[in-house]
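Asks: below: sequence and its predicted model.
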Amino acid sequence: MTGTRAPSAVVIEGAVKYYGDKPAIDQVSLTAAPGTLLVLLGPSGSGKTTLVRCVAGIEQLSAGRLVIADRIVDDGTTVLPPERRDLGMVFQDYALWPHLTALENVAYALGRRRLTRRDAERRSREMLDRVGLGRLADRYPNQLSGGEQQRVSLARALVANTGLLLFDEPLSNLDANLREQMRVEIATLARESEATSIYITHDQAEAFALADVIGVLQQGRLVQLGTPEDLYHRPASPFVARFTGLAGELGASVEGAAGEGTVWLRVDDVQGGPRVSARAAHPLRTGDRARLLLRPSAVRLTAPDDPAAPLRARICDAAFRGRGYDYAVLFDTGGKLVGIHDERRWERGAVVGLRMESTGCLAFAEASADGDAPPVEPSRPPAEPHPLHDHLPA
């Protein structure tokens with residue numbers, strides 16, 4: 001994409017935002033390097049939406065500092081409004097003006113670019129063509145489907161060639177098929193724009209598919225920041241492991257070191273107490289109680305008499321996925337694993353062996369199994385929030 005401004009680095013230092021007497025975000029610090037696609041991942045109430053709205057200027061920090069492109073935009077004293085932060089934003093609910101056509105909605109973002117009307121219309125039409133909506137330029141939002149409206153919102157965010165793009169769960173209102181199509185379009189166009197992008201979602205598959213870097217938020221805190229590979233193979237806590245996809249978890253005890261950051265576990269929740277090796281996220285000692293957390297990719301179905309399969313279970317559910325089957329298996333002791341993929345068809349009720357890949361077996365001390373951060377007492381009164389739709393970022 002030609003004419004794009006230099007991508008903006010985003011630096012967040014000690015960010016705190018209160019609603020009432022509780023922090024929605026609590027001492028969050030991170031940097032999004034220029035041109036990075038950063039995904040903020042977390043469940044409802046984790047603070048990800050609040051954080052991105054503070055970056056946009058829709059909300060004001062209660063404490064901390066925000067820097068965009070080497071310029072302080074919010075430090076409690078200096079607070080720049082959204083229209084002066086040189087960013088584009090794609091909203092979950094599209095946020096299109098109902099009285100403007102698709103073309104006019106896109107051109108709205110060029111209002112402060114000092115372009116002639118002809119140039120603004122030309123650039124807006126070009127951007128609508130890029131998102132596949134050139135033929136619908138003269139339609140109003142109520143004449144467009146949800147996916148088409150989101151494409152207009154995406155075109156509006158991209159057309160001004162800003163250095164920063166923000167995405168507020170833009171796919172959550174779309175059906176599964178359209179969600180995947182739009183995910184690919186967003187990833188492609190965001191990277192072609194060369195802008196820095198911050199994207200928030202609660203969907204770990206979406207985060208892994210999009211991100212250069214993922215920040216996981218829990219109860220307003222940033223609990224891990226890293227590449228998708230880092231989070232998947234080396235989660236910092238049981239919370240991160242669970243939120244990024246598990247087949248299940250089992251109680252175990254540590255029998256000793258297995259080398260290269262792995263330990264031997266005796267699985268107590270399975271009949272016969274089989275022995276498996278697992279990655280230890282933190283140091284574990286022989287005799288410690290532990291939880292064995294299993295990624296779906298760690299488990300392979302095989303014949304029940306396979307000597308390389310330490311676990312036995314019974315197929316309790318099967319779902320055909322086109323490229324194969326996803327299975328749920330049940331142990332005699334009542335434990336269950338889900339989402340185990342195999343290209344072969346196994347009958348419900350069949351007894352199978354389970355081979356274990358240690359790279360997808362994660363060991364955590366039982367005391368840390370909850371993985372929940374304790375509540376934090378507020379340290380200062382809340383700041384007054386900006387009205388939600390005072391500004392529509394250009």
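Replies: The structure has been received and is ready for your questions.
Asks: need the helix or strand of this structure with the lowest average pLDDT.
Replies: Of the helices and strands making up the chain, the lowest-confidence element is helix 176-193, at a mean of 87, by mean pLDDT, DSSP states H and E.
Asks: what's near enough to touch the most centrally placed residue in the chain?
Replies: When the chain is reduced to its mean C-alpha position, the closest residue under C-alpha atoms, centre = their mean turns out to be L41, at 3.2 Å. By C-beta atoms under 8 Å, 6 or more residues apart in numbering, the contact set of L41 is K48, I200, T201, H202, Q204, A207, I214, G215, V216, L217, F243, T244. Every C-beta, even on glycine, is put in place using the N, C-alpha and C of the backbone.
Asks: let's go with 7 Å and repeat that
Replies: L41 sits next to T201, Q204, A207, I214, G215, V216 when contact means C-beta atoms under 7 Å, 6 or more residues apart in numbering.
Asks: give me the number of residues near the nearest residue to it once chain neighbours are set aside?
Replies: Distance criterion C-beta to C-beta, 6 or more residues apart in numbering; nearest residue to L41, sequence neighbours excluded, is A207 at 4.5 Å. Neighbourhood size, A207 [other C-beta atoms under 10 Å]: 23.
Asks: helices or strands up against the host helix or strand of A207?
Replies: Using DSSP states H and E, A207 sits within helix 204-210. Packing contacts for helix 204-210, counted by 3 or more C-beta pairs under 7 Å, 6 or more residues apart in numbering; DSSP states H and E, involve strand 37-41, helix 176-193.
Asks: how about the ones you listed, which one is nearest A278?
Replies: Nearest of those to A278, taken as C-beta to C-beta: strand 37-41 at 23.7 Å.
Asks: what does whichever helix or strand comes after the closest one contact?
Replies: Downstream of strand 37-41, the next assigned helix or strand under DSSP H and E is helix 48-56. Contacts of helix 48-56 with the rest of the structure, by C-beta under 7 Å, 6+ apart, involve 10, 15, 17, 24-25, 28, 40, 42, 59, 61, 66, 74, 82, 87, 89, 166, 168, 198, 200, 217, 393.
Asks: would you map out the domains in the protein?
Replies: Per automatic domain parsing, the structural domains of the chain span 10-238, 246-368.
Asks: deepest of those domains, which one?
Replies: domain 10-238 (a mean of 19; mean count of other C-beta atoms under 10 Å).
Asks: can you give me the end-to-end span of that one?
Replies: One end of domain 10-238 sits 29 Å from the other (C-alpha to C-alpha, to the nearest Å).
Asks: again with stretch 322-342
Replies: Its first and final residues considered, stretch 322-342 spans 11 Å by C-alpha to C-alpha.
Asks: quick check: mean pLDDT of that stretch?
Replies: Across stretch 322-342, pLDDT averages out at 92.
Asks: for the stretch 101-250 of the chain, just list every one of the strands.
Replies: 164-168, 196-201, 213-218, 221-226, 248-259 (DSSP state E, counting those that start in this stretch).
Asks: and the ones you listed as CSV, adding distance to S124 and mean pLDDT?
Replies: Output for the strands of the stretch 101-250 of the chain, formatted as CSV (distance: least, C-beta to C-beta, whole Å; pLDDT from 0 to 100):
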stretch, distance to S124, mean pLDDT
strand 164-168, 17, 94
strand 196-201, 21, 96
strand 213-218, 32, 96
strand 221-226, 36, 96
strand 248-259, 50, 91
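Asks: now render those as CSV, adding distance to T286.
Replies: Below are the strands of the stretch 101-250 of the chain laid out as CSV (distance: least, C-beta to C-beta, whole Å):
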stretch, distance to T286
strand 164-168, 47
strand 196-201, 40
strand 213-218, 30
strand 221-226, 28
strand 248-259, 5
